[in-house]
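1. give the three-dimensional model of this entry:
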Amino acid sequence: MIAVYPGSFDPITLGHIDIIERGCKLFENVIVAVLRNPSKTPLFTVDQRLNQIRDSINHLANVEVVSFDGLAVNYAKMRQAQVLIRGLRVLSDFEKELQMAHTNKTLSSEIETVFLATSNEYSFLSSSVVKEIAIFGGSVDHLVPQHIAIDIYKCYDKTKLV
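-> Residues are numbered from 1 along each chain as shown. You can find the predicted model right below:
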């Protein structure tokens with residue numbers, strides 16, 4: 001069974017990686033799909049995010065990292081995936097993700113959404129939190145892989161570079 005884990009991953013966090021690793025145990029193939037969203041101004045380009053993700057999950061054999069445009073459910077259908085993976089941290093995530101899952105079901109009844117609850121140690125973690133900490137000079141070493149922390153410090157605070 002093929003699963004697609006869509007998102008912006010700007011940047012990918014240890015929480016995202018946890019969801020990917022756990023998804024790889026559940027599904028034959030997992031496609032990590034980075035959305036090209038022209039209405040957002042990301043910290044990293046799509047190509048940078050693709051490389052960051054690949055470097056973060058190169059220990060997993062059944063993962064592909066790609067970019068896509070448009071609706072995730074349409075991309076999943078195009079790739080003949082049966083499942084969209086979504087991570088849940090808090091109750092507000094559930095409300096938003098459930099609404100999205102129901103909407104996707106109206107667009108493609110054959111695609112299921114599987115929710116994976118974030119591991120406890122990452123329940124507070126988001127890409128936005130990482131960027132906000134970095135903007136104010138805090139350490140993000142415990143929130144993202146080391147190579148991504150270095151990339152973030154290059155954007156915000158050169159004093160933390162090793």
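
2. other residues contacting stretch 100-109?
-> 71, 72, 73, 74, 76, 77, 84, 86, 111, 113, 115 (CB atoms under 8 Å, 6 or more residues apart in numbering). (C-beta placed from N, C-alpha, C; glycine too.)

3. would you say the third one is within a strand?
-> No: membership of residue 73 in a strand is not supported by DSSP: H, G, I helix; E, B strand; the rest coil, which gives helix.

4. of the contacts of stretch 100-109, just the buried ones, PyMOL syntax please.
-> To isolate the buried members of the contacts of stretch 100-109 in PyMOL, using 16 or more other CB atoms under 10 Å:
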select buried, resi 72+73+76+77+84+86+111+113
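
5. buried stuff in whichever helix in the chain runs longest?
-> Assignment by DSSP state H gives helix 91-107 as the longest helix of the chain. If you call a residue buried by 16+ other CB under 10 Å, then helix 91-107 has these buried ones: 93, 97, 101, 104.

6. where's the dip in pLDDT among the residues you listed?
-> Within the set of these, pLDDT is lowest for residue 93 (78).

7. residue 18 touches residue 122, doesn't it?
-> Yes: judged on CB atoms under 8 Å, residue 18 makes contact with residue 122 at a distance of 5.8 Å.

8. who touches stretch 67-81?
-> With CB under 8 Å, 6+ apart, stretch 67-81 has contacts from 2-4, 6, 31, 33-36, 46, 50, 82-84, 104, 107-108, 110-111.

9. thanks a lot, catch you later.
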